[in-house]
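Enquirer: Sequence first, predicted coordinates after that:
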Amino acid sequence: MTLPTPKPGILRIEPYKQGKYATAPGARCIKLSSNENPHGPSPKALEAYWAASSELHRYPDGSCAALREAIGEVHGLYPDKIVCGAGSDELLGLLIHAYAGPGDEVLFPEHAFLMYKIYTLSAGATPVEAPEKDLRADVDALLAKVTEKTKLVLLANPNNPTGSYLTEPELKRLRDGLPEHVILAIDAAYAECITAEDCPDGSALAGTGENTVMMRTFSKVYGLPALRLGWMYGPAAIIDVMNRARSPFNVSSVAQATGIAAVRDVAYTQAQRQLNAEAREALADNVSALGWHVYPSQGNFILVDFGSPDNAAAMNVHLLAQGIYVRDVKAYKLPQCLRITVGTQQENDALLEAMAEFLAQAA
C-alpha cells in the first residue's frame, strides 16, 4: 500500500512556534513574547468591532473596498493597488505560492522572520539565506546570492527579531540591483513603530516600478492580532495576481469594520508610536545598565545578548519561573539572545526586577 505523500519541502518544515504564555487559571502571566501592543486597540476600533457583530449572518465584502479606501486615504496610496488579507502572513504565503515553486529560489537575510522559510518550503521552492553584518541585512550579500532561479527577495524593514533596518538609499540600491523578474517584498509589519527618520516603510518603492510590494499588519501598534488583518501595496499586475490567488472572503466583516476605525484613528496610532518609542528606549537603557548588550530597535521589542546560549537559557528559565514570558530566538540562529516585547510600565518594571534578581543570585 502506498501512503499519501506531501509535496517536496513540506516535511522539511519546522512548525512555527508562537510566543509562550500562561495557560493555567490564576497563573501570573506577563506576556512579552509576541510583540503585541499591551495597551490594546483604539477605543474607536472597539466600538466598530461591537457594532459590526450585529451583521455576523452576512458574508463580508470580498474586495474589502471600504477598508482599502480608508487605508489609501490615511497613507496617501491608491486603493486599487491594495489587497487585504488575514494578516500580512497570509498575503506573504499567497505571494510566494503564486510566484515560486519547485526549481525556484526565495532569498532573505539569515535572521529573517521564520515564516519566510516555512512558506518557501511549502511552495516547493528553495530557501536561500544571505549573511548579515552586525545583525543587519547586507545589500551586497543579498545581491551576491541572486541567480536566474531567484523569484523573490523578502526583507522585513524593520526586521524581527533584530530590530535593525535598511535606509531608503539602501533599499533602492537593493531593488535596482535585482533582475526585473525578481519581486522585492518589503515586510513593514513594524512600520507604525518607526521613529528613526532614515527608516522607510517601503511604500515609496512599492508605489513605483513593477517588481516591489510592501506588506503591513494591524497586529502590532494597532493592537488587533486576534482579528488577523493585513494588507499589501504594489503594482497593479501583482495585486491582480494576489486577488486571483486569495480566497473570496479571506477577511471577515468584523475585521474590516474594526480595521477601518483603527486606521482612521490617526491620533491614537501616533500616540501609541510615541509611547512605544519612549518605553522601548527606557527599557533598552535599563537592561543595558544591568550589563547586557541591547541591539538598537525600531520595533516594539528589544533584542538582548546575554553573552552565551547558556546564559540566555538560564535567564529564560528564571523569568518563566516568575510568570514572565519572553521569546527565545534559537530558531533564528541567535541562541545567546532573548527577544523582549515592550510592555506596560508595570510589566517592564517587573521584568527589570526579575533580571536584577538573576544577577544577584549569580553573584
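Expert: It's in. Numbers count the residues shown, from 1 in each chain.
Enquirer: Let me see the domain layout of the protein.
Expert: As assigned by automatic domain parsing, the chain contains the domains 21-40+267-362, 44-264.
Enquirer: and the shortest one, average pLDDT?
Expert: To tie it back to what came earlier, the one meant is domain 21-40+267-362. What domain 21-40+267-362 shows for mean pLDDT is 94.
Enquirer: ok, which stretches of the stretch 1-150 of the chain are helices?
Expert: Secondary structure of the stretch 1-150 of the chain (DSSP state H, counting those that start in this stretch): helices at 43-52, 65-75, 87-99, 114-122, 139-144.
Enquirer: how about the ones you listed in JSON lines, adding distance to H181 and mean neighbour count?
Expert: All C-beta spots, glycine's among them, are computed from the backbone N, C-alpha and C. As requested, those are exported to JSON lines (distance: least, C-beta to C-beta, whole Å; neighbours: other C-beta atoms under 10 Å):
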{"stretch": "helix 43-52", "distance to H181": "40", "mean neighbour count": "16"}
{"stretch": "helix 65-75", "distance to H181": "27", "mean neighbour count": "17"}
{"stretch": "helix 87-99", "distance to H181": "9", "mean neighbour count": "23"}
{"stretch": "helix 114-122", "distance to H181": "17", "mean neighbour count": "21"}
{"stretch": "helix 139-144", "distance to H181": "15", "mean neighbour count": "16"}
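Enquirer: Tabulate those in CSV, adding columns for distance to A360 and mean pLDDT.
Expert: What follows is the helices of the stretch 1-150 of the chain, written out as CSV (distance: least, C-beta to C-beta, whole Å; pLDDT from 0 to 100):
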stretch, distance to A360, mean pLDDT
helix 43-52, 41, 97
helix 65-75, 48, 98
helix 87-99, 41, 96
helix 114-122, 34, 95
helix 139-144, 42, 98
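Enquirer: Out of the ones you listed, which is closest to H318?
Expert: Proximity to H318, assessed across these by C-beta to C-beta, is greatest for helix 114-122 (24.9 Å).
Enquirer: returning to that earlier point: mind checking which of the helices of the stretch 1-150 of the chain is nearest F301?
Expert: Across the helices of the stretch 1-150 of the chain, closest to F301 is helix 114-122 (C-beta to C-beta), at 14.9 Å.
Enquirer: that older thread, relative to L174, which of the helices of the stretch 1-150 of the chain is closest?
Expert: helix 139-144 (4.8 Å).
Enquirer: Can you tell me which helices and strands that closest one packs against?
Expert: Other helices and strands packing on helix 139-144, by 3 or more C-beta pairs under 8 Å, 6 or more residues apart in numbering; DSSP states H and E, are strand 126-130, helix 168-176.
Enquirer: can you pull out the strands in the chain?
Expert: Secondary structure of the chain by DSSP state E: the strands cover 30-31, 82-85, 105-109, 126-130, 150-156, 183-187, 212-217, 230-233, 293-295, 301-305, 324-325, 327-328, 337-341.
Enquirer: Columns mean neighbour count and distance to Q256 on top of those strands, output as a markdown table?
Expert: Below are the strands of the chain laid out as a markdown table (neighbours: other C-beta atoms under 10 Å; distance: least, C-beta to C-beta, whole Å):
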| stretch | mean neighbour count | distance to Q256 |
| --- | --- | --- |
| strand 30-31 | 20 | 27 |
| strand 82-85 | 26 | 8 |
| strand 105-109 | 25 | 30 |
| strand 126-130 | 19 | 33 |
| strand 150-156 | 25 | 25 |
| strand 183-187 | 27 | 22 |
| strand 212-217 | 26 | 15 |
| strand 230-233 | 26 | 11 |
| strand 293-295 | 18 | 36 |
| strand 301-305 | 24 | 28 |
| strand 324-325 | 22 | 31 |
| strand 327-328 | 22 | 30 |
| strand 337-341 | 27 | 27 |
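Enquirer: In JSON lines, list those strands along with distance to D140.
Expert: Rendered in JSON lines, the data for these read as follows (distance: least, C-beta to C-beta, whole Å):
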{"stretch": "strand 30-31", "distance to D140": "38"}
{"stretch": "strand 82-85", "distance to D140": "32"}
{"stretch": "strand 105-109", "distance to D140": "12"}
{"stretch": "strand 126-130", "distance to D140": "9"}
{"stretch": "strand 150-156", "distance to D140": "13"}
{"stretch": "strand 183-187", "distance to D140": "15"}
{"stretch": "strand 212-217", "distance to D140": "19"}
{"stretch": "strand 230-233", "distance to D140": "27"}
{"stretch": "strand 293-295", "distance to D140": "21"}
{"stretch": "strand 301-305", "distance to D140": "23"}
{"stretch": "strand 324-325", "distance to D140": "38"}
{"stretch": "strand 327-328", "distance to D140": "30"}
{"stretch": "strand 337-341", "distance to D140": "25"}
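Enquirer: Which among those is found nearest to M315?
Expert: Among the strands of the chain, strand 337-341 comes nearest to M315, with 6.4 Å by C-beta to C-beta.
Enquirer: Return the distance of that closest one from the chain's centre.
Expert: Its chain's C-alpha centre lies 15 Å from the corresponding centre of strand 337-341 when counted by C-alpha atoms, centre = their mean, to the nearest Å.
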